[in-house]
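J.: next one to model:
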Amino acid sequence: MKNLGFIGTLSIAVIWFTAMSATAQVLQELPQVAEGIGVDQNLGAELPLHLEFDDDENNRIRLGELFRGDRPVLLSFNYSNCPQLCVVQLNNLAAALQQIDLIPGKDFDIVSVSLDPTEASRQLRETKRKYVVAYGDTKTSDGWHFLRSDKQTIKQLADVCGFRYKYIPEQRFYSHPAAFIFCTSDGRIARYLDGLDGQLESSLKPALMEAGRGEIGSLVDKVIYFAGCYWFDPTTGQYSLAAISVMRLAGAVTVVVLLVTLTPYWFRRTQVRRQATQAGAGRPFNPTTNVTVSE
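T.: Numbers count the residues shown, from 1 in each chain. This next block holds a predicted model:
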């Protein structure tokens, strides 16, 4: 039995080492555009509400002006000329909003900050209109806010949110993750959700309601959130998933190997103990031969 345990443990160690080695190899081979991109979940962090932006009507406003009463704010970082990722993310949001009974402008506000400091107000207006129409209720337009500002201001807000992005001059685009950041009415970060989650509607309302109550997410929320790291591949014209997926796969493989290897051992051990108990205290039981030894 000891040998079986040793072999099982050795097998697990070998598989785990192989999986982690493969993950490390993939991480080393990440393209330059994906390096450093991601989301650090700064739950409870206070947003710099004093920062100034231009809105889609070219009005100069403070970020704090969009935090009204007891309404939470759904914050994201996007830009109008994004090759694909922002389109997928915001379409996903519009579709998910159709599935819940909370209304932008009434129950919460949506704030999208452009990563591109050169973006014009005209572009912001067109982008806003596109997604309000996609949502299907133009009367909620006042609850959607598309903002722009200078490079330093955008970076300052992104840093507080833990949103890591960068500009790729050779391709003329911003490499960035897709994330929705839920904020309390007083400007604290309450929760993060993956912007590309195919089941976003199931998490959207609870996240908004929790932020509306001023509740800050826990460590469990950090684990659940999948900070999907995507980069734009100019050879395919699409965004690709970074090595974090391989890490998750390696973890899953390790769990399966653990179960397959150790389950027979645990079952055998339980069976031996049961037989030993049934044999009685006065008749020693040999676990190697499964035979009760007579006095």
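J.: now the phi/psi pair for the closest residue to Phe53 other than its chain neighbours, please.
T.: Closest residue in space to Phe53, ignoring its immediate chain neighbours: Leu147 at 3.9 Å, by CB to CB, 6 or more residues apart in numbering. Where you see a C-beta, it was placed from the backbone N, CA and C, and this is true even at glycine. Taking degrees, to the nearest 10, you get phi -120, psi 160 for the backbone angles of Leu147.
J.: residue ranges of the helices in the stretch 101-250 of the chain, please?
T.: Under the criterion DSSP state H, counting those that start in this stretch, the stretch 101-250 of the chain contains helices at 121-135, 151-161, 200-212, 219-224, 244-279.
J.: mean pLDDT lowest for which of those helices?
T.: Note on the helices of the stretch 101-250 of the chain: helix 219-224 shows the lowest mean pLDDT, a mean of 56.
J.: okay, now Arg148: neighbour count?
T.: Arg148: 25 surrounding residues under other CB atoms under 10 Å.
J.: where does the chain have low pLDDT?
T.: Low-confidence segments of the chain (pLDDT under 70): 1-34, 219-267, 269-270, 272, 275-295.
J.: cutoff 80 now
T.: The chain contains residues with pLDDT under 80 at 1-35, 218-295.
J.: how about the contacts made by the residue nearest to Phe53?
T.: Contacts for Leu147 were tallied using CB atoms under 8 Å, 6 or more residues apart in numbering; they are Phe53, Asp54, Asp55, Asp56, Ile61, Leu63, Val111, Ser112, Val113, Ser114, Leu124.
J.: wouldn't the third one be in contact with Ser149 here?
T.: No: the pair Asp55 and Ser149 does not pass the contact test of CB atoms under 8 Å, sitting 10.2 Å apart.
J.: for Glu46, grab the count of nearby residues.
T.: Neighbours of Glu46 (other CB under 10 Å): 13.
J.: quick one on the thing from earlier: please tabulate the contacts of Leu147 in JSON lines, including the columns distance to Glu215 and neighbour count.
T.: Shown next, in JSON lines, are the contacts of Leu147 (distance: CB to CB, whole Å; neighbours: other CB atoms under 10 Å):
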{"residue": "Phe53", "distance to Glu215": "27", "neighbour count": "23"}
{"residue": "Asp54", "distance to Glu215": "32", "neighbour count": "19"}
{"residue": "Asp55", "distance to Glu215": "28", "neighbour count": "19"}
{"residue": "Asp56", "distance to Glu215": "30", "neighbour count": "22"}
{"residue": "Ile61", "distance to Glu215": "27", "neighbour count": "15"}
{"residue": "Leu63", "distance to Glu215": "21", "neighbour count": "23"}
{"residue": "Val111", "distance to Glu215": "20", "neighbour count": "21"}
{"residue": "Ser112", "distance to Glu215": "23", "neighbour count": "26"}
{"residue": "Val113", "distance to Glu215": "24", "neighbour count": "23"}
{"residue": "Ser114", "distance to Glu215": "29", "neighbour count": "27"}
{"residue": "Leu124", "distance to Glu215": "31", "neighbour count": "23"}
